[in-house]
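Visitor: my questions are about this predicted structure, shown below with the sequence.
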Amino acid sequence: PRDDVTGCIARLAPCTLSSVTCPASWIRTRTSTKLIDAYFADQKIIAISTERLRREHVPLPKGPKPGYDGRLSGWLTEMLNYGPPDGPERAWPLILRLIDRGPDVNALGWVGAGEVEDLVNRSGAAFADRIIDEAAKSRRFRAALRHVWPNEDVPNSLQTLIRDSRAGDTK
């Protein structure tokens, strides 16, 4: 189910996100919805800040921007890149939920260039069938895939899928 990880995240403090198993009672909480909303608010904060800094030719600051939450993206980064062996498996349902909830094409690009790209590059072989299946049925997932830059060791089937997603949505 897509909400297993979401519910788990909703009940945990940021410092313990990767160390707790998710009980079924945490699924579909209001807090998980708030974390997803905060994730997309973070995306807008970063986009606005980056655009302003680019226009002003100012280096990017080292610290977080005011109002930036970061808990959900931090947890996903840990699960996909540095976390336990089952981290990508735990992150997958949440990635799908983020794609389902993305408010616009820019948000889908954000998820694609971040979490989907990390999943493809770190665990593409293990998730190839699921990624291909999801892309076959979801226009939103294909929109996120357009923003993935695969590493050379990503399976050819995924590299072709990503290349085709950039060529346009034919389904």
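Guide: Ah, there it is.

Visitor: hey, let's count contacts and neighbours off CA atoms from now on
Guide: Noted.

Visitor: burial count for V148?
Guide: Residues lying near V148 (other Cα atoms under 10 Å) number 26.

Visitor: distance of it from L161?
Guide: Distance of V148 to L161, given as Cα to Cα, to the nearest Å: 11 Å.

Visitor: my guess is L35 contacts L72, does it?
Guide: Yes: using Cα atoms under 8 Å, L35 makes contact with L72 at a distance of 6.4 Å.

Visitor: so between the two, which is more surrounded?
Guide: Counted by other Cα under 10 Å, L35 and L72 do not tie: L72 has more neighbours, with 23 against 19.

Visitor: what's around I132, how many residues?
Guide: For I132, the neighbour count with other Cα under 10 Å is 16.

Visitor: which residues are in contact with it?
Guide: Residues counted as contacts of I132 (Cα atoms under 8 Å, 6 or more residues apart in numbering) are 158, 161.

Visitor: list the buried residues of the helix or strand hosting it.
Guide: Using DSSP states H and E, I132 falls within helix 117-137. For helix 117-137, a neighbour-count test (16 or more other Cα atoms under 10 Å) marks 117-125, 127-128, 131-132, 135 as buried.

Visitor: stretch 96-103 too?
Guide: Using 16+ other Cα under 10 Å as the burial criterion, the residues of stretch 96-103 that qualify are 96-99, 101-102.

Visitor: okay, and which of the residues you listed map to helices?
Guide: When DSSP state H is applied, those are split such that 96-99, 101 fall in helices.

Visitor: check which helix or strand L53 maps to.
Guide: Applying DSSP H and E, one finds L53 within helix 30-56.

Visitor: tell me which residue of this structure is furthest from the middle?
Guide: Using Cα atoms, centre = their mean, the residue of the chain lying farthest from its centre is E56. It sits 29.0 Å away.

Visitor: okay, that residue and S49: tell me how far apart.
Guide: 11 Å.

Visitor: what about L161, which helix or strand?
Guide: helix 156-167.

Visitor: okay, the angle between that helix and helix 117-137?
Guide: Counting by axes from the mean of the first three to the mean of the last three Cα atoms, to 10 degrees, helix 156-167 lies at 70 degrees to helix 117-137.

Visitor: and helix 156-167, what does it pack onto?
Guide: helix 117-137, helix 139-145 (3 or more Cα pairs under 8 Å, 6 or more residues apart in numbering; DSSP states H and E).

Visitor: just to revisit the earlier point, any idea how far the helix holding L53 is from the middle of the chain?
Guide: Relative to its chain's centre, helix 30-56 lies at 13 Å (Cα atoms, centre = their mean, to the nearest Å).
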